[in-house]
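> Predicted model and sequence below, questions to follow.
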Amino acid sequence: MPELPEVEITKRGIEPFLVGQTIEKIVLRNLKLRWPIPKKLRTILPSLKIRSIERRAKYILIDCSAGWLIIHLGMSGSLRLLSSLNEAPTKHDHYDLYTTNNTIIRYRDPRKFGALIWTTGNPYDHRLIKHLGPEPLSEEFNREFLYQKLRSKSSKIKLQIMNNQVVTGVGNIYANESLFHAGISPIRQANKVTRPKLELLIVAIKATLERAICAGGSSLQDFYLTDGSTGYFQQQYMVYGRAGKPCHKCKTTIKSVILGQRSSFYCPKCQK
Ligand SMILES: [Zn+2]
């Protein structure tokens, strides 16, 4: 599933090709994503100028002067730059956005949980976005903020850092890895994590996400100019997906447990 780093990489990948350009048309092949794609985009978008591209949580926000496109990649979506005007779409290629300088951005999504939404209001006030917690890479996401958020929460720490109202975009992989780096067990009660440990957790979340963005960013050109089948980079994980294997730090066997229907992985010795 595309997580925050992949969405940020996608945003940075399409930005230089779209910002400042004028939309020529949008070709919609399949309107049935998570919500129906509005057909009126076929008439609204032509001749609009793209002013900027932003990201909030896992939403890509494209400022089209007269309104905003809000894109979500869902479970399996990807946006890529087409290298040729004649590349035939497959059945999973649901829409193409053309600019007047011959750039084509194609959206592929085999599982169709993604979204393409149009809003003429402030996208940050959109109902899907308005109530989200702070961005993990922002200064607003700091130790005191997290301490105040969690002081009355007796559920498990991993569920809290994956809660979009606490902090946005910390998906399963990054939650597992960050808790390992901070030495905190995923099953620890959230309000029992000390301030110094929360500080370590904040640093670990930011560092884990930034590392992933850097690693993905270095392969952007390859990603966007090839067939784009998945493109998301695979990194080496400390605990994620490693149940039954020895901890990279202490050789203790990595354990797994299901929390909130998601697999959680941790080292019982390094994480308390
Ligand atoms: Zn260990």
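Looks like it came in fine. Small disclaimer: the values here were computed from a predicted structure and weren't measured. Numbers count the residues shown, from 1 in each chain.
> In terms of pLDDT, where does Thr226 sit?
For Thr226, the model assigns a pLDDT of 36.
> Then Ser229?
According to the prediction, Ser229 has pLDDT 38.
> do the same with Leu31
At Leu31, pLDDT is 95.
> which non-adjacent residue is nearest it?
If you skip the residues right next to it in sequence, Leu31 has Ile37 as its closest partner in space, 4.5 Å away by Cβ to Cβ, 6 or more residues apart in numbering. From N, CA and C alone the C-beta is placed, and that goes for glycine too.
> so how far is Leu200 from that neighbour?
Per Cβ to Cβ, to the nearest Å, Ile37 is found 43 Å from Leu200.
> More neighbours: which of the two?
Neighbour tally, Ile37 and Leu200, criterion other Cβ atoms under 10 Å: the higher count belongs to Ile37, 23 against 19.
> Okay, the more buried one and Ser52: tell me how far apart.
Look at Ile37 and Ser52: by Cβ to Cβ, they are 22 Å apart.
> What of Met238?
Taking Cβ to Cβ, one finds Met238 at 36 Å from Ser52.
> between those two, which one's more packed in?
Using other Cβ under 10 Å, the more surrounded residue of Met238 and Ser52 is Met238, with 20 against 13.
> For my notes, confirm the more buried one occurs in a strand.
No - using DSSP: H, G, I helix; E, B strand; the rest coil, the assignment for Met238 is coil, not a strand.
> Run through the residues that contact it.
Counting by Cβ atoms under 8 Å, 6 or more residues apart in numbering, Met238 makes contact with 177, 180-181, 247-249.
> Pick the one among those closest to Arg211.
Closest approach to Arg211 among those (Cβ to Cβ): Glu177, at 9.2 Å.
> helix, strand or coil for that closest one?
Recorded secondary structure, Glu177: helix (three-state DSSP).
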